[in-house]
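Q: give me a model of this one.
(one chain, ligands or ions: 1)
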Amino acid sequence: MATKSIDIAPFQATDLKAVSVKCAQVATTFRTNRTKDLEWRKVQLRKLYWAVVDYTPQLSEALRRDLNKSAFESMLTEIDFVKNDCLFLLSQLDKLARDEPLRPPDVPLTFYAAGLRTRKEPLGAVLIIGAYNYPVNLLLCPLVGAIAAGCTAVVKPSEVAPNVAMVLKEMIEDRLDNDAYAVVNGAVPETTALLDFRDPGELGEIEGEERGWAKIFYTGGRSVARIVATKAAATLTPVTLELGGRNPAFVTSNANLELAARRLLWGKTMGAGQVCMSANYIMVQRNCVDTFIKGLQAAHKKSFPNGARNSELAHIANERHFARIKKMLDETKGRIVLGGEMDEKTLFMEPTAVLVNSTDDSMIQQESFGPIFSILPVDNLPSAIRIANQVDPTPLALYSFGSKEENEKVLREVNSGGASLNDSFMHGTPNTVSFGGVGHSGTGAYRGRASFDVFTHRRSVAETPSWMEGLLRVRYMPYDWKQRRM
Ligand code: NAD
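A: Numbering: from 1, shown residues only. Sure thing, here's the model as predicted:
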C-alpha cells in the first residue's frame, strides 16, 4: 500500500488567531440549529464515511510514516473502526435520536397523563483532543458520535503523529461542512488556546457566567488530563476523559499457559504495545513462570519467523517516547527473558519481557505504553489481587487467565475500565461495545450507542394536558383544607 507518490504536506500548526476564529465559527453554527436536523447529520456521516474510504491511501501512508504501521494494522485498527462507527450510527440514528416516552414504572401512574418524555438534545459545540497512538481512530470515532448527536466540533489531532494530523486536516476540510467541523493542528500553545476558548453567545458574555465548550472530549495521559479538567472547571464544562493506566494481567496454574502467553504477547505486538489498554505487568503463579516464559518465547518465534526487526511491527512514535521506554528497561533490576533488541535510529523496539521481583521496579511503577512488559511471580491469586489494588486501583483494563471462579474473583475484587477474560483486548475490539475508564483511567465512555449518548443531553420534557386540571388542583394554595385531612 505504501507508495512514494503520495504527497503529504509538512506539519504546520494552526495560526493562533485562526484558532479563535474556528472556535467562534463552530459555536455560531451550532446556534443556527441546522446541525439538529437528522437528515443533515446523516449527510455529514455519509460524507465522513466516504472521505475515509477515499483518503485510505493517504491515511495508510501517513500511519506508516508516523508509526511504521502496516497496511493491515492500519486498516483493521484505524480505518475500519471509523467506517464501522459511521455505519453503525447511521443505521441506529433514527432510533437513538427519537424521543423516549416515559411510562410506568419510570413515572408514577399518577403522572402518566402528563406526557413525560426524554428528548435527545445535542450538547452544543464540543472540543475533541486526540492521542498519537491510534491517531485516526481516536480522533474520528468521537467525531462520529458528535456528528450523530447533532453537535458541532473542533478536533485537535496529536502533533506526535504529524503526517496523520495533516491528512486529517485536509480530509475534513475537503469533505465536511467547515462551518460546523474544524481542525486545529498544533501542540501545547494551540491546545491551550482551544482550552481557553470562551463562547460569548449571541448576546455577549454574562458577568460571572463565562462559557466555554459544551463538552471537552480528551484522550491522552493522566497528567495532561489534569490540565484539561482544571481548565474545564473554570467554565463548568463537562469532560470525557479517556486515559490510561498500569494494566495488570493475572495468570494462574489453571490457565492454558501456552494460549495465555500467545494472547498476552499479541497485546504487546499490536501497535508495538502503544495501546492504552495493553497489559503493563503480568502476575504469574510462581510454579508456572518457567512454562509461561517458554510459551512467550514460542509465540514470539511464531509471530516473527524472520526476527522482529524484519517484521511488520509498528515503531515507537518518536525519540522522546523511545527514550522514555528505554529508560524503564535501563532502570529495571529484573532480567530480560524475551526480546530486548532495539534501534534508536529507526525507533524499532522488539516486544520485550522482563522478569522482576518487586512492584518497586521501574517496569511496574510506570505505564510502559510500548512493547515492553514485566512478569512478576506471585504466590497465589489473593496476593496478585492485593498487588494490583496497590499498584493502580483503577487501571483502564485487566486480563485474567484462570479458572472461571478465579476470573470471577478478579472481576469482583479488582476494579478497571474494562476487562477481558482469557484474552487480550477483546472487550475493546467490537466497535459497538462502549469503551471507557474508571477513576484515574477516565470518566465517561464512547463507541456504539455510547458515542451518541456522550454528546447528548437527555432532556426531560412534560406536556400537561389542560384536562388534567381537575387532578392537579390538589397542588394549589390554599393548603389548609388539605392539611386538615393529613
Ligand atoms: P498526551 O496526554 O501527551 O497528549 C494527548 C493530547 O494532549 C495531544 O493532542 C497533545 O497535543 C495534548 N497535550 C499535550 N500536552 C498538553 C498540555 N500541556 N496542555 C494541553 N494539551 C496538551 O497523551 P499521548 O502521549 O498522546 O497518549 C498517551 C497516553 O494516552 C497514555 O497514557 C495512554 O494510556 C493514553 N491513551 C488513552 C486512550 C483511551 O482510549 N483511554 C487511548 C490512547 C491513549
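Q: helices or strands next to whichever strand or helix holds residue 43 in the packing?
A: If you go by DSSP states H and E, residue 43 is part of helix 38-54. Secondary-structure packing of helix 38-54 (3 or more C-beta pairs under 8 Å, 6 or more residues apart in numbering; DSSP states H and E): helix 80-97, helix 137-149, helix 162-175. (C-beta placed from N, C-alpha, C; glycine too.)
Q: which one is the residue in the stretch 151-300 of the chain that the ligand sits nearest to nearest to, not counting chain neighbours?
A: At 1.8 Å from the ligand, residue 244 is the closest residue in the stretch 151-300 of the chain, using C-beta to the nearest ligand atom. In this structure, residue 244 finds its nearest non-sequential neighbour in residue 276, 4.4 Å apart by C-beta to C-beta, 6 or more residues apart in numbering.
Q: up against the ligand, what does the stretch 351-486 of the chain have?
A: Where the stretch 351-486 of the chain comes near the ligand, counting by C-beta under 6 Å from any ligand atom, the residues are 367, 369, 396, 437, 442.
Q: neighbour-wise, which of the residues you listed leads?
A: The most crowded member of those, judged by other C-beta atoms under 10 Å, is residue 396 (29 neighbours).
Q: in space, what's closest to that residue - neighbours in sequence excluded?
A: Closest to residue 396 by C-beta to C-beta, 6+ apart is residue 441, at 3.9 Å.
Q: quick check: the one you found touching residue 225?
A: No. Residue 441 is beyond contact range of residue 225, at 9.9 Å (criterion: C-beta atoms under 8 Å).
Q: who has more neighbours out of those two?
A: Using other C-beta under 10 Å, the more surrounded residue of residue 441 and residue 225 is residue 441, with 28 against 23.
Q: residue ranges in this protein under the pLDDT threshold?
A: 1-4, 203, 485 (pLDDT under 70).
Q: near the ligand, which residues of the stretch 151-300 of the chain show up?
A: Residues of the stretch 151-300 of the chain lying close to the ligand (C-beta under 6 Å from any ligand atom) are 156, 158-160, 187-188, 191-192, 219-221, 224, 227, 242-244, 276.
Q: show me those residues that map onto strands.
A: 156, 219, 242 (DSSP state E).
Q: how much space separates the last one from residue 148?
A: By that I understand residue 242. When distance is defined by C-beta to C-beta, to the nearest Å, residue 242 is 18 Å away from residue 148.
Q: do the first one as well
A: Distance, residue 156 to residue 148, by C-beta to C-beta: 20 Å.
Q: higher neighbour count, the two?
A: Ranked by neighbour count (other C-beta under 10 Å), residue 156 and residue 148 place residue 148 first, with 28 against 24.
Q: now the more buried one, nearest residue through space, not along the chain?
A: Residue 148 sits nearest to residue 89 (C-beta to C-beta, 6+ apart), 4.2 Å away.
Q: return the distance of that neighbour relative to the ligand.
A: 18 Å (C-beta to the nearest ligand atom, to the nearest Å).
Q: my guess is that residue contacts residue 143, does it?
A: No. Counting by C-beta under 8 Å, residue 143 is not a contact partner of residue 89; they are 11.0 Å apart.
Q: about what we covered before: now the residue of the stretch 151-300 of the chain closest to the ligand: phi and psi?
A: With angles defined as degrees, to the nearest 10, residue 244 shows backbone torsions of phi -120, psi -150.
Q: tell me, how many residues neighbour it?
A: Every residue meeting other C-beta under 10 Å relative to residue 244 is counted, giving 28.
Q: now do it against residue 392, distance only.
A: Distance from residue 244 to residue 392, by C-beta to C-beta: 10 Å.
Q: contacting residues for the nearest residue to residue 46 once chain neighbours are set aside?
A: In this structure, residue 46 finds its nearest non-sequential neighbour in residue 90, 7.0 Å apart by C-beta to C-beta, 6+ apart. Residues near residue 90 by C-beta atoms under 8 Å, 6 or more residues apart in numbering: 42, 45-46, 49, 148.
Q: which among those residues count as buried?
A: Neighbour counting with 16 or more other C-beta atoms under 10 Å marks 42, 45, 49, 148 as buried within the contacts of residue 90.
Q: who does the residue positioned nearest the centre of the chain bridge with?
A: Centroid-nearest residue in the chain: residue 242, 4.6 Å away (criterion: C-alpha atoms, centre = their mean). Residue 242 has the following beta-bridge partners by DSSP bridges: residue 219, residue 442.
Q: make 24 the first number, not 1, from now on.
A: I'll keep to 24 as the first residue from here, and by that count the last item is residue 265.
Q: verify the stated contact: it with residue 459.
A: Yes. Residue 265 lies in contact with residue 459 (C-beta under 8 Å); the separation is 6.6 Å.
Q: where do the contact lists of those two overlap?
A: Contacts common to residue 265 and residue 459, judged by C-beta under 8 Å, 6+ apart, are 465, 467, 469.
Q: for the second one, grab the count of nearby residues.
A: To tie it back to what came earlier, the one meant is residue 467. The burial count for residue 467: 18, using other C-beta under 10 Å.
Q: now it: how far from the ligand?
A: On the measure of C-beta to the nearest ligand atom, residue 467 and the ligand end up 10 Å apart.
Q: surely that residue is in contact with residue 263?
A: Yes. Applying C-beta under 8 Å as the test, residue 467 and residue 263 come out as touching, 3.4 Å apart.
Q: give me the common contacts of these two.
A: Residues touching both residue 467 and residue 263 (C-beta under 8 Å, 6+ apart) are 240, 459, 477.
Q: about what we covered before: with the contacts of residue 113 in mind, which one is nearest to residue 348?
A: The closest of the contacts of residue 113 to residue 348 turns out to be residue 72 (C-beta to C-beta; 35.5 Å).
Q: isn't that closest one right up against residue 109?
A: Yes. With contact defined as C-beta under 8 Å, residue 72 reaches residue 109; the gap is 4.0 Å.
Q: give the contact list for residue 382.
A: Residue 382 neighbours (C-beta under 8 Å, 6+ apart): 388, 399, 410, 413-414.
Q: how far is stretch 328-342 from where the chain is centred?
A: Centroid displacement of stretch 328-342 relative to its chain, using C-alpha atoms, centre = their mean, to the nearest Å, is 24 Å.
Q: could you check it against the ligand for contacts?
A: No. In terms of C-beta under 6 Å from any ligand atom, no part of stretch 328-342 sits within range of the ligand; the closest distance is 8.0 Å.
Q: from start to finish, how long is that stretch in a straight line?
A: Chord length of stretch 328-342, first to last residue, is 27 Å (C-alpha to C-alpha, to the nearest Å).
Q: who's in contact with it?
A: So stretch 328-342 is contacted by 89-93, 95-96, 155-156, 183-184, 292, 294-295, 297, 323, 326-327, 345, 348, 362, 364, 366-367, 369-374, 393-394 (C-beta under 8 Å, 6+ apart).
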